[in-house]
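K.L.:
no sequence on hand, only this structure:
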Ligand SMILES: C[S@@+](CC[C@H](N)C(=O)[O-])C[C@H]1O[C@@H](n2cnc3c(N)ncnc32)[C@H](O)[C@@H]1O
């Protein structure tokens, strides 16, 4: 896969992560969202010569890419093919009792978005899949074709902040009575038909929020975040930093609440760190990113 081209995913706020995670030699860090290994690579460089990174990732394609990229770090880099929500049990299986820092860079990677057949994007006509993790069972098509109208509206509204959620849910359930919605293009068309033209957004595709909402539902993204933030203090050494990069207001709220309400954490700054204008210009995907940092007390 790595043919000498630069990796197709630019790590967001790479420098800000390093200055907040504070990697040091001899320590063990968990990258809960390894992806293509961009952040892991910079953490491994910063905690050399003997610090270690354990990279959690549930997407086999990403693991293959990152493993090749990080091969040069030898035994200092270890992959865990598992959801980061299984942090405690996976570390226990690996015989690791304590860690010195945790990074989460949430959401999908550019590689996942740009691989048409994974079904994350309406830019490609493909089966409506959207599973990030290889072990997940339920696809986006399963949800679209079987959830009740009310549940669909809740998913679109709560996870996608889609104001036309009820209209779209109603159109989907009417459409699927005649024909199952199995492809990205079919869903994008149904969403476009559901929303009166005057309400079509100008800056984003009319189906953007519905696709985001379904991806979050398929991958149980909010539940996984709640679980790891609740469990992590059990394995974090005192003084260890937790850095969370979010791209969604609800993820940011979940993170801020955990860092302020759980007495095991101290939130470093009530304002999140955001990318510089220069970073946003170089990598537009970073524009909605927020980095929150807490210390394990
Ligand atoms: C935004 S990308 C991370 C990019 C990475 N920081 C880099 O620099 O290449 C997010 C990655 O996290 C993975 N991911 C998301 N949720 C996960 C979970 N619950 N467990 C394991 N991996 C997860 C996705 O499959 C995706 O590859």
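P.N.:
Structure received. The shown structure was predicted, so the numbers you read here are calculated from the model rather than taken from an experiment.
K.L.:
I would like the residues contacting stretch 285-297, please.
P.N.:
Applying Cβ atoms under 8 Å, 6 or more residues apart in numbering, the contact partners of stretch 285-297 are 10, 12-13, 16-17, 20, 110, 232-233, 236-248, 252, 255-256, 258-259, 263-269, 272-275, 279-280. (C-beta placed from N, C-alpha, C; glycine too.)
K.L.:
what about the ligand: which of those touch it?
P.N.:
By Cβ under 6 Å from any ligand atom, no member of the contacts of stretch 285-297 lies near the ligand.
K.L.:
quote the end-to-end distance of stretch 172-180.
P.N.:
Distance between the two ends of stretch 172-180: 10 Å, counting by Cα to Cα, to the nearest Å.
K.L.:
the ligand contacts on the protein?
P.N.:
Residues of the chain that fall close to the ligand, judged by Cβ under 6 Å from any ligand atom: 9, 11, 33, 35-39, 56-59, 62, 83-85, 105, 107-109, 132, 224.
K.L.:
tell me which of those fall in helices.
P.N.:
Taking DSSP state H, the ones among the residues of the chain next to the ligand that sit in helices are 38-39, 62, 224.
K.L.:
nearest residue to the middle of this protein?
P.N.:
residue 107 (2.0 Å; Cα atoms, centre = their mean).
K.L.:
report the separation between that one and residue 12.
P.N.:
From residue 107 across to residue 12, the span is 10 Å (Cβ to Cβ, to the nearest Å).
K.L.:
what's the next secondary structure element after the lowest-mean-pLDDT helix or strand in the chain?
P.N.:
Least confident element among the helices and strands of the chain, by mean pLDDT, DSSP states H and E: helix 110-114 (a mean of 91). Next along the chain after helix 110-114, taking DSSP states H and E as the criterion, comes helix 140-146.
K.L.:
which residues touch that following helix?
P.N.:
By Cβ under 8 Å, 6+ apart, helix 140-146 touches 119, 127-130, 152, 155, 172, 176, 180-182, 187, 214-215, 217-218.
K.L.:
mind doing that once more with 10 Å?
P.N.:
119-120, 127-131, 138-139, 151-152, 155, 169, 172-173, 175-176, 179-184, 186-187, 190, 210-211, 213-215, 217-219 (Cβ atoms under 10 Å, 6 or more residues apart in numbering).
K.L.:
count of neighbours near residue 205?
P.N.:
Here the number of neighbours of residue 205 (other Cβ atoms under 10 Å) works out to 16.
K.L.:
wait, it touches residue 188, no?
P.N.:
Yes - counting by Cβ atoms under 10 Å, residue 188 is a contact partner of residue 205 at 7.4 Å.
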